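Peer 1: fold the following, please.
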Amino acid sequence: MAGFSIFLFLSLAIVKRFAKLENLRTSGSTPGNGRGYLLADMELLRSLGIASAFAAMVVLAIYIGGASAAKHYSQPELLWLIVPLMILWISQVWLLASRGKLDEDPIVFALSDRVSLAIEAAVVVIALLAI
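Peer 2: Numbers count the residues shown, from 1 in each chain. This is a model prediction of the structure:
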């Protein structure tokens with residue numbers, strides 16, 4: 001699960017930078033030199049961030065299908081329900097960022113957005129049912 005966490009964190013860190021650049025671009029501003037990102041970097045950041053997000057989903061799927069999940073959960077097959085929920089959530093985050101509508105840190109977004117909270121609750125319930 002460390003691989004899942006690393007790829008997901010990387011995607012969220014990249015979406016935060018991407019969203020900041022997107023918001024600067026739509027307002028007609030230019031980025032400061034603080035982090036060294038340029039508007040020209042946006043497409044590369046988008047590609048790297050989405051690739052990292054889906055790498056996290058692949059790692060999660062490998063974990064669920066492996067022996068480790070079977071050792072820790074009595075019904076590991078239920079964990080498969082988490083994968084589409086996570087794909088939905090991370091896709092929503094990237095879609096909003098691409099539209100210039102992610103104005104905050106993605107973690108703050110996850111803790112305040114109704115859809116995100118519903119997905120988080122569903123993931124917790126599924127994980128508890130799988131135990």
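Peer 1: tell me how far Lys97 lies from Met42.
Peer 2: No, residue 97 isn't Lys; it's Ala. Look at Ala97 and Met42: by CB to CB, to the nearest Å, they are 10 Å apart. (C-beta placed from N, C-alpha, C; glycine too.)
Peer 1: mutual contacts of these two, please.
Peer 2: The overlap between the contact sets of Ala97 and Met42 (CB atoms under 8 Å, 6 or more residues apart in numbering) consists of Phe18, Glu22.
Peer 1: looking at those two, which one has more neighbours?
Peer 2: Set Ala97 next to Met42 and count neighbours by other CB atoms under 10 Å: Ala97 wins out with 26 against 17.
Peer 1: could you report the pLDDT at the more buried one?
Peer 2: What the model reports for Ala97 is a pLDDT of 95.
Peer 1: which one is the residue nearest to the spatial centre of the chain nearest to, not counting chain neighbours?
Peer 2: In the chain, the C-alpha nearest the mean C-alpha coordinate belongs to Ile90, at 3.9 Å (CA atoms, centre = their mean). Sequence neighbours aside, Ala53 is the residue nearest to Ile90 in space, at 4.3 Å (criterion: CB to CB, 6 or more residues apart in numbering).
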